[in-house]
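Chemist: A structural model of the following input is requested.
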Amino acid sequence: MDLPHSSMSKPEAIYRLTERQRACLELVAKGYTSKQIARQLGISHSTVDNHILAATQLLGVADRREAGRLVAGFGQELPRQAPDLTEPENSGIVGVQGARQPGLAGLKLLPPVGGEANEQTLGNKTIQIFTIAFLSTVGVLAMALLISGVFKAFS
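Modeler: Predicted coordinates for the structure are as follows:
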């Protein structure tokens, strides 16, 4: 299989990687999954996969692990090294730590999304499930009333 950049040397190909591609591959080399990398970088896991795919094609390697090892081997030699990433305290799916919705300071209607699987107690999970069920029921009832009102108005 002839890759598009196979005539390029490995160091030359590594220098052509974007900062985001390098950051993703550095985390791959540390053993992170795409979802964990996405949380670290604040992007979706499919975007991480796209960055890794583009990087593996550019490097002409078989898989993400090989690309990660290759980039990690050049670590300090890279001119634009990605900064070290720290684990956010309460990460969402792609949420930013401390981010708030404007105008809703202190108002918590919906439970937090994302985070570690066993981060909350059973009681908190139960309350969140009932909160979602209640809000869903209210939404369905509101839509039903709205639709019946529209039918009454046009009949």
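
Chemist: domain map for this protein?
Modeler: Taking automatic domain parsing as the reference, the chain has its domains at 10-77, 106-155.

Chemist: could you dump the ones you listed to a markdown table with mean neighbour count and mean pLDDT?
Modeler: All C-beta atoms are positioned from the backbone trio N, CA, C, and that covers glycine. Below are these laid out as a markdown table (neighbours: other C-beta atoms under 10 Å; pLDDT from 0 to 100):
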| stretch | mean neighbour count | mean pLDDT |
| --- | --- | --- |
| domain 10-77 | 18 | 88 |
| domain 106-155 | 10 | 80 |
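
Chemist: the helices in the protein, which residues?
Modeler: Ranges of helices within the chain are 10-15, 19-29, 34-41, 45-59, 64-74, 122-153, based on DSSP state H.

Chemist: which ones are touching the residue lying closest to D49 once chain neighbours are set aside?
Modeler: Leaving aside its chain neighbours, D49 sits nearest to S34 (5.4 Å; criterion: C-beta to C-beta, 6 or more residues apart in numbering). If you count contacts by C-beta atoms under 8 Å, 6 or more residues apart in numbering, S34 has them with 45, 48-49, 52.
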